[in-house]
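Novice: starting from these lines, generate the structure:
(chains A, B, C and D)
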Number of protein chains: 2
Amino acid sequence: MRVTLNQIAEAAGVSRGTVDRALNHRGRINPEVAERILRIAKEMGYRRNLAGRALAMAGKDLRIGVLVQAAGTPFIQKVIEGIKEARTQVREFGFEVVIKTIPNIDSEQALAALRELSAEGCSGIALMPSEEPEFVGLVNSLAGQGIPIVTFNSDLENSGRQCFVGQDSMQSGKVAAGLMGQILAPASRVLVISGHPDFASHRNRTKGFTDELSRIRGDLNILPVQYAMDDEAKAEEIAYQVLQDRFGRAGNENVETVENIGIYLSAAGLDGVTKAVRRAEASGSVKVISNDLTDDNIRLIRNGEAEFLIGQDPHTQGYEPVMILFRQLFENRPARMDPLFTEITIKTRYNV
Amino acid sequence: MRVTLNQIAEAAGVSRGTVDRALNHRGRINPEVAERILRIAKEMGYRRNLAGRALAMAGKDLRIGVLVQAAGTPFIQKVIEGIKEARTQVREFGFEVVIKTIPNIDSEQALAALRELSAEGCSGIALMPSEEPEFVGLVNSLAGQGIPIVTFNSDLENSGRQCFVGQDSMQSGKVAAGLMGQILAPASRVLVISGHPDFASHRNRTKGFTDELSRIRGDLNILPVQYAMDDEAKAEEIAYQVLQDRFGRAGNENVETVENIGIYLSAAGLDGVTKAVRRAEASGSVKVISNDLTDDNIRLIRNGEAEFLIGQDPHTQGYEPVMILFRQLFENRPARMDPLFTEITIKTRYNV
DNA sequence: TTGAAAGCGCTAACAA
DNA sequence: TTGTTAGCGCTTTCAA
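Specialist: Numbering: from 1, shown residues only, chains lettered A, B, ... in the order given. So this is what the prediction gives:
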């Protein structure tokens, strides 16, 4: 049988309550007694039993709030799956997880939802932030009240938030650059299609990609970045224009077969690009690398329409923020403060 | 406050014990009553509280045994880390995890260790199997006694084991083939260095690789597979012989710069190959893909000595078997029977 | 600063 | 077949 608080109490000649105070640093205890108890506990090989703690705390109605924006997108759907998995785990200990979703990115709605979470008495909140001053103000105010805030997917660096869970976007772009550098023939052209210039993660991926690729492959011709605004049709047009340029509308006798064209998608648009490649009849010499393992993208890569997908582990982006808050509120251990960067995964048609 | 057994008992006009019997299908209950209770529980939105269960079961001294072979190798070290992480989690519920390690692969010692675990009264066992009849016999006998057995890293298909956690080696070889196919110039030569012909996972990776690569890249010249027996010096010699063949000892004026040489390591040996490449002064035109994210390999890929590493998630190979057994013994839910293949990860110097 | 005691939700042994 | 009851290890309130 494992060592319990009672056994330590007996060995130390004090009550169970005193042992609890010592072990959990609750104060209201004679420092010397505390020290002695700590020593005895160590000697006896004491390990806390979480079940006991959870049960004793069950009356407290601990509640974790989660605010999700852009809940309609396939990527965020996967994040939500992660949140829900964490919720079922947390629930089994008797605690609640309240999820508020907003279909798009909307700072008004985000602010309202955060107010609701606060009003509902959440003891910790995970959120996809808005950068509006009022929103940031509320985050800071909540943090000031001792409610830990964890940002996910997108960060809010200069705020009272405790930590961030999400991707290192710059590095994600570099990973793509490394791959592109491996598969393109000398002197090939490279087209970069990004999502939205206002979106930090899209910007950073693009920058990481172009910086690194020009560094390692000076021979390549990297075309100016174009923005598809997360619109498949737009992505298709951008890609088609570039492919056209080379192969001509009705076949071209001067095709150089060695050189090829690389396309990097730092946001949505793979479906559009696929159509453009078909339309331009250029499939043989185009190498495509895209972000995000959405169901559509997975289908496309299985079908050979892209060489690589770069993933950012959306499941973890949902799961970990909730669990970080849970552990912190439930156990009494020091909180995680440093950002948790999710793994950057590389997928081909063989391991997707 | 959440719904509890007591509340259901009250609502149903029965005792808590009866509700427990109904909800956990323990029998000794009137089927109609059980059905009614189940219905009421559902209506009230009952969710079990694991903390309560864990606490009530704490006296039972539940013990999970783990048998690890080849514990000295860097790869298995990572597996053991996974086992230990699972152990700390399981311990917090008051249960024990007993780990027995054997430095090498040794069926005698493995058998002895399994006997010990059995004698120590483990309620579930995770193990890296031996294929010796006596070992298999003991596995079957334990399974027959209702002790669930989970194999990991290496499987024991035709036995009473419940499920397997490990890699799909054949697919791992195909992933490597897909990458090699992307990065090799036309008509290049490919050298495959495997570990041991008796080792199923090495064999399967090699087969997956050569089959797939010859399928997708008929132009390549895949040399006969050679075995390095997990010996770095041997790997170095094999690689050096092949590289020699082309570049000559003291430089060669007829080097064709377009064509290159691909080396696939389906087991250990990257350090040796690296040395061979240096010795042959062939670094410019050699493309290396190796298995396993050992610390040495990570160092080498960071240093640019290989293009890709294929990982098999050793942490999960240790963590999951223990957790599968824990969940199964602790909760009363249906057990996992189908193999759990760990993710095949692709790493470059950028995302390792 | 310390002790005593109630109770968290559940299981299981025993009684009916 | 059902009810009763004694805990499991811990937290927390109240009293000393």
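
Novice: and the residue nearest the centre of chain A, what does it touch?
Specialist: Nearest residue to the geometric centre of chain A (C-alpha atoms, centre = their mean): A:G166, 3.0 Å. Going by C-beta atoms under 8 Å, 6 or more residues apart in numbering or on different chains, A:G166 touches A:151-155, A:312, A:317, A:339-342. C-beta coordinates here come from the backbone N, C-alpha and C atoms, glycine included.

Novice: mind running it again at 7 Å?
Specialist: A:152-155, A:317, A:342 (C-beta atoms under 7 Å, 6 or more residues apart in numbering or on different chains).

Novice: again, but for A:P197
Specialist: A:203, A:227.

Novice: setting aside sequence neighbours, what's the nearest residue to the residue nearest to the centre of chain A?
Specialist: A:N153 (5.0 Å; C-beta to C-beta, 6 or more residues apart in numbering or on different chains).

Novice: also A:I99?
Specialist: A:V66 (4.7 Å).

Novice: pretty sure that neighbour sits in a helix.
Specialist: No. Looking at A:V66 with DSSP: H, G, I helix; E, B strand; the rest coil, it is strand, so not inside a helix.

Novice: looking at the contacts of A:G166, which is nearest A:R203?
Specialist: Nearest to A:R203 among those is A:S154, at 11.9 Å by C-beta to C-beta.

Novice: for the closest one, give me its contacts.
Specialist: A:128-129, A:166, A:200-201.

Novice: ok, those residues vs DNA strand C, which is closest?
Specialist: Set against DNA strand C, the nearest of those by C-beta to the nearest atom of the strand is A:M128 (31.8 Å).

Novice: can you give me the neighbour number for that closest one?
Specialist: 25 (other C-beta atoms under 10 Å in any protein chain shown).

Novice: just the buried ones from the contacts of A:G166?
Specialist: A:152-155, A:317, A:342 (16 or more other C-beta atoms under 10 Å in any protein chain shown).

Novice: follow-up on the earlier one: what distance do you get for the residue nearest to the centre of chain A to chain B?
Specialist: 15 Å (C-beta to the nearest C-beta, to the nearest Å).

Novice: so which residue of the stretch 201-350 of chain A comes closest to DNA strand C?
Specialist: Counting by C-beta to the nearest atom of the strand, the stretch 201-350 of chain A gets nearest DNA strand C through A:F330, at 13.6 Å.

Novice: any idea how far that residue lies from B:V3?
Specialist: In this view, A:F330 and B:V3 are 20 Å apart by C-beta to C-beta, to the nearest Å.

Novice: compare neighbour counts for the two and give me the winner.
Specialist: When neighbours are counted by other C-beta under 10 Å, A:F330 and B:V3 differ, and A:F330 comes out ahead with 22 against 17.

Novice: now that one. Its backbone dihedrals?
Specialist: phi -90, psi -50 (degrees, to the nearest 10).

Novice: re the thing from before, in this structure the residue nearest to A:G166 contacts A:A126, no?
Specialist: No. Taking contacts as C-beta atoms under 7 Å, A:N153 lies outside contact range of A:A126: 10.1 Å.

Novice: which elements pack onto the helix or strand bottoming out on mean pLDDT in chain A?
Specialist: Ranking every helix and strand in chain A by mean pLDDT, DSSP states H and E puts helix A:232-247 at the bottom, with a mean of 89. Packing partners of helix A:232-247 (3 or more C-beta pairs under 7 Å, 6 or more residues apart in numbering or on different chains; DSSP states H and E): strand A:189-194, strand A:261-265, helix A:270-279.

Novice: angle of that helix against strand A:261-265?
Specialist: 170 degrees (axes from the mean of the first three to the mean of the last three C-alpha atoms, to 10 degrees).

Novice: buried ones in helix A:232-247?
Specialist: Buried, per 16+ other C-beta under 10 Å, within helix A:232-247: A:232, A:234-240, A:242-243, A:246-247.

Novice: now could you export just the CA positions of the helix or strand A:A177 falls within as PDB?
Specialist: Following DSSP states H and E, one finds A:A177 within helix A:169-183. Output in PDB follows, covering the C-alpha atoms of helix A:169-183 (Å, rounded to 0.1, in the frame of the first residue of the first chain):
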ATOM      1  CA  SER A 169       5.100  30.300 -38.000                       C
ATOM      2  CA  MET A 170       8.500  31.600 -39.100                       C
ATOM      3  CA  GLN A 171      10.000  28.200 -38.500                       C
ATOM      4  CA  SER A 172       7.100  26.600 -40.400                       C
ATOM      5  CA  GLY A 173       8.000  28.700 -43.400                       C
ATOM      6  CA  LYS A 174      11.600  27.600 -43.100                       C
ATOM      7  CA  VAL A 175      10.700  24.000 -43.000                       C
ATOM      8  CA  ALA A 176       8.800  24.500 -46.300                       C
ATOM      9  CA  ALA A 177      11.800  26.300 -47.700                       C
ATOM     10  CA  GLY A 178      14.100  23.400 -46.800                       C
ATOM     11  CA  LEU A 179      11.800  21.000 -48.600                       C
ATOM     12  CA  MET A 180      11.400  23.200 -51.600                       C
ATOM     13  CA  GLY A 181      15.200  23.600 -51.800                       C
ATOM     14  CA  GLN A 182      15.500  19.800 -52.000                       C
ATOM     15  CA  ILE A 183      13.100  19.200 -54.800                       C
END
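
Novice: could you list the low-pLDDT ranges of chain A?
Specialist: Along chain A, the model assigns pLDDT under 70 to residues A:1, A:246-258, A:332-334.

Novice: what does it have sitting close to DNA strand C?
Specialist: Those residues of chain A that sit near DNA strand C, judged by C-beta under 7 Å from any atom of the strand, are A:13-18, A:21, A:27-31, A:33-34, A:55-56, A:58-59, A:94.

Novice: swap the cut-off to 10 Å and go again
Specialist: A:5-6, A:9, A:12-22, A:26-34, A:36-37, A:51-61, A:92-94 (C-beta under 10 Å from any atom of the strand).

Novice: inside helices: which ones of those residues?
Specialist: A:5-6, A:9, A:12, A:16-22, A:31-34, A:36-37, A:51-56 (DSSP state H).

Novice: quick check: which of these are also close to DNA strand D?
Specialist: A:5-6, A:9, A:16-21, A:51-56.

Novice: chain B is nearest to which of the helices and strands packed on helix A:232-247?
Specialist: Nearest of the helices and strands packed on helix A:232-247 to chain B, taken as C-beta to the nearest C-beta: strand A:261-265 at 12.0 Å.
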